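> One predicted model, sequence on top.
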Amino acid sequence: GGGFRWQALDLIEKVAKKTFLEDSGILFLVIGDNKWHQFTFFKNIVSLDSLPHQDYLGLLNQADLCLALYYQQDNFNFTFDYSPLKLYEYMALSKPVIATDVGQIGRVIKNGENGFLTDNDPEKIVRQILFLKKHPYLRKKIGKNAEETISKNYSLKRAVLKYQKAFFSLGLLS
């Protein structure tokens with residue numbers, strides 16, 4: 001989704017252009033309502049409006065890796081903690097993620113273990129994408145580690161236990 005400027009769609013377009021020059025077989029799929037960036041390069045970018053969640057998850061399941069790129073919060077007039085749900089969805093689906101190292105993302109992604117952190121340098125992102133394409137075993141291993149991270153630390157069951165503990169401590173549950 002790219003409904004807000006902190007979601008770096010223009011950066012994704014730059015990465016797609018540079019990737020196309022190296023490997024024209026890599027496709028970038030952008031899903032979600034995009035209100036601020038008009039793509040001008042479509043050789044390897046497909047941009048779709050919002051989809052029903054099941055269709056969205058079906059497309060994600062076909063992806064080899066996912067990008068969660070964001071701009072630093074100092075570009076905006078408000079605080080944003082960068083704890084995007086799409087990051088958790090990608091990881092829960094065993095997808096290796098290349099994500100901007102901002103906010104809480106660096107607490108979820110352990111670089112090289114369950115995903116990859118970036119400083120938004122397009123050249124570095126392209127090199128990481130091409131590296132992961134050449135190493136499917138590593139891509140699958142990182143994706144599996146990502147899924148385990150979500151299952152262990154961010155599952156619905158884990159959230160319910162945390163809420164119960166908080167409610168007990170406040171005397172709202174007995």
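Looks like it arrived, so ask away.

> what does the lowest-mean-pLDDT helix or strand in the chain contact?
Among the helices and strands of the chain, helix 156-169 carries the lowest confidence by mean pLDDT, DSSP states H and E, at a mean of 87. Residues outside helix 156-169 that contact it (CB atoms under 8 Å, 6 or more residues apart in numbering): 152, 173-174. All C-beta spots, glycine's among them, are computed from the backbone N, C-alpha and C.

> what does the model give F39 for pLDDT?
Looking at F39, its pLDDT reads 88.

> What's the end-to-end length of stretch 49-67?
Distance across stretch 49-67, first residue to last, is 17 Å (CA to CA, to the nearest Å).

> average pLDDT for that stretch?
The pLDDT scores in stretch 49-67 average 91.

> Can you name the residues in contact with it?
With contacts defined as CB under 8 Å, 6+ apart, stretch 49-67 is touched by 1, 12, 15, 28-29, 31-33, 86, 89-90, 93, 95-99, 125, 129, 132-133, 136, 139, 143.

> Name the nearest residue to the residue located most distally from the centre of the chain, ignoring sequence neighbours.
If you look at how far each residue of the chain sits from its centre, by CA atoms, centre = their mean, the farthest one is S174, at 38.7 Å. Excluding the flanking residues, the one nearest S174 by CB to CB, 6 or more residues apart in numbering is F168, at 7.7 Å.

> Relative to V160, how far out is that neighbour?
In this view, F168 and V160 are 12 Å apart by CB to CB, to the nearest Å.

> go on, S174?
Counting by CB to CB, the gap from S174 to V160 is 17 Å.

> Show the contacting residues for N114.
Contacts for N114 (CB under 8 Å, 6+ apart) come out as 91, 142, 145-146, 148-149.

> Emit the ChimeraX select command for whichever of the contacts of stretch 49-67 are buried.
If you want just the buried ones from those in ChimeraX, going by 16 or more other CB atoms under 10 Å, the selection is:
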select :1,12,15,28,31,32,86,89,90,93,95,96,97,98,99,125,129,132,133,139,143
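
> and the contacts of stretch 49-67, which of them are in helices?
12, 15, 86, 89-90, 125, 129, 132-133, 136, 139, 143 (DSSP state H).

> about what we covered before: which of the contacts of helix 156-169 fall in helices?
Going by DSSP H, the helices hold K152 from these.

> Go through the contacts of helix 156-169 and name the one with the lowest pLDDT.
Per-residue pLDDT puts S174 lowest of the contacts of helix 156-169, at 77.
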